[in-house]
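In: 3D, please:
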Amino acid sequence: MSVETPLSIAVVTVSDTRTEETDKSGSALIGFLQEAGHKLHSKIIVKDEIKDLRSLVSTHISDPEVHAVLTTGGTGFTKRDNTQEAIQPLFETDIDGFGNYFANYLMKKLVVRQSNPGFSLGWLMAQSFSAYRARLEHAPRAGIK
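Out: Below is the predicted model:
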């Protein structure tokens, strides 16, 4: 699959335990985006600290060379899973009901505590690999381009 205009995408893995060698989700996202014809801008593993994650994502959003930021991790059930809390304030617009559109699909694939997407500077932000795949596969049906 190829795209007309490849995006330059930053991949951020949120984890207190993952390393470059054990980061399967980040590697899977990179493979998925490259398979779709996009370019990897950077891959970073960040601890699940709200301030650090928010700062990192905000820096990427402000970088004109980064067209999209994909985060993976930090959406589980523990108190250390803070991805949603960290990036929610960066959304310019919440996509009300959009997460619910995929709830049935996602629940068939995995258990996710948080999967609310939002837009910041015109880019869709989601928080799980399966959510990305679902949104990319089903977004046209939901009227998202």
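
In: which residues touch I30?
Out: The neighbourhood of I30, defined by CB atoms under 8 Å, 6 or more residues apart in numbering, consists of 11, 40, 43. To be clear about C-beta, it is placed using only N, CA and C from the backbone, and glycine gets the same treatment.

In: Can you get me a residue count around the spatially closest residue to the first one that is not a sequence neighbour?
Out: Excluding the flanking residues, the one nearest V11 by CB to CB, 6 or more residues apart in numbering is K43, at 4.7 Å. By other CB atoms under 10 Å, 17 other residues sit near K43.

In: Need the mean per-residue confidence for the helix or strand hosting K43.
Out: In this assignment (DSSP states H and E), K43 forms part of strand 39-46. Averaging pLDDT along strand 39-46 gives 96.

In: So which of the contacts of I30 is the closest to T19?
Out: K43 (12.1 Å; CB to CB).

In: List the contacts of the closest one.
Out: Residues near K43 by CB under 8 Å, 6+ apart: 10-13, 26, 30.

In: Emit the ChimeraX select command for whichever of those are buried.
Out: To isolate the buried members of those in ChimeraX, using 16 or more other CB atoms under 10 Å:
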select :10,11,12,13,26,30
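
In: and which of the contacts of K43 is nearest D48?
Out: Closest to D48, out of all of these and judged by CB to CB, is T13, at 10.1 Å.

In: and the closest one, what is it in contact with?
Out: Counting by CB under 8 Å, 6+ apart, T13 has contacts 23, 25-26, 43-46, 71-73.
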